[in-house]
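1. have a look at this prediction, sequence included:
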Amino acid sequence: MLLDTNVLIGYINGDESIRSTVDVWRVARVPLIISSIVVAELLSYRYLTDKEIRDLELFVATFISVPFHNKLAMAAASLRRKYRFDIPDSGIIATAQVYEIPLVTRDEQMRKATEVSFVDI
């Protein structure tokens, strides 16, 4: 599963439906993957204290992180042209597309992309 930023923010903020689902996946050893774009979004989410940054760094280290590279950039550019997504969303969707991973998101705009499958949470 490729987790979008809004799913991780929900987890951090204590959303019970997200927490319980992600925890079940962890117990079942479902690979939980994030894009390096998600890492950047989380670490720039709001004004963070040094402790919050360290805590977020430890949190994201519990996921498999996929670095953003040129193949993803080309797929993201295509998605951006087609759907007018912003660059971060295009990059996250491109990661799901290129690696053929279902995308877990609550972002209804992202669900316009027909190139990937989505998982509800």
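-> Happy to help now that I have it. Residues are numbered from 1 along each chain as shown.

2. how about the residue nearest the centre of the chain, phi and psi?
-> Nearest residue to the geometric centre of the chain (CA atoms, centre = their mean): Asp4, 2.4 Å. Dihedral pair for Asp4: phi -80, psi 160, per degrees, to the nearest 10.

3. contacts only, for it.
-> 38, 92, 103-107, 110 (CB atoms under 8 Å, 6 or more residues apart in numbering). Quick note: C-beta positions are derived from backbone N, CA and C, even for glycine.

4. ok, 6 Å please
-> 92, 105 (CB atoms under 6 Å, 6 or more residues apart in numbering).

5. that one and Gln109, how far apart?
-> To Gln109, Asp4 is 11 Å away according to CB to CB, to the nearest Å.

6. now Asp89
-> 7 Å.

7. okay, those two: which has more neighbours?
-> Asp89 (23 against 12; other CB atoms under 10 Å).

8. show me where this structure has helices.
-> Using DSSP state H, the helices found in the chain span residues 5-12, 16-27, 36-43, 50-60, 70-83, 87-99.

9. how about the fifth one: buried residues?
-> For helix 70-83, burial by neighbour count (16 or more other CB atoms under 10 Å) applies to 72, 75-76, 79-80, 83.

10. pLDDT of it, averaged?
-> When pLDDT is averaged over helix 70-83, the result is 98.

11. equivalent analysis for stretch 57-66, please.
-> On average, the pLDDT along stretch 57-66 is 97.

12. then stretch 13-29?
-> Here the average pLDDT along stretch 13-29 is 97.

13. quick one on the thing from earlier: got a pLDDT number for the residue nearest to the centre of the chain?
-> On the pLDDT scale, Asp4 gets 98.

14. about what we covered before: out of the helices of the chain, flag the one nearest Ile121.
-> For Ile121, the closest of the helices of the chain is helix 16-27, at 5.2 Å, according to CB to CB.
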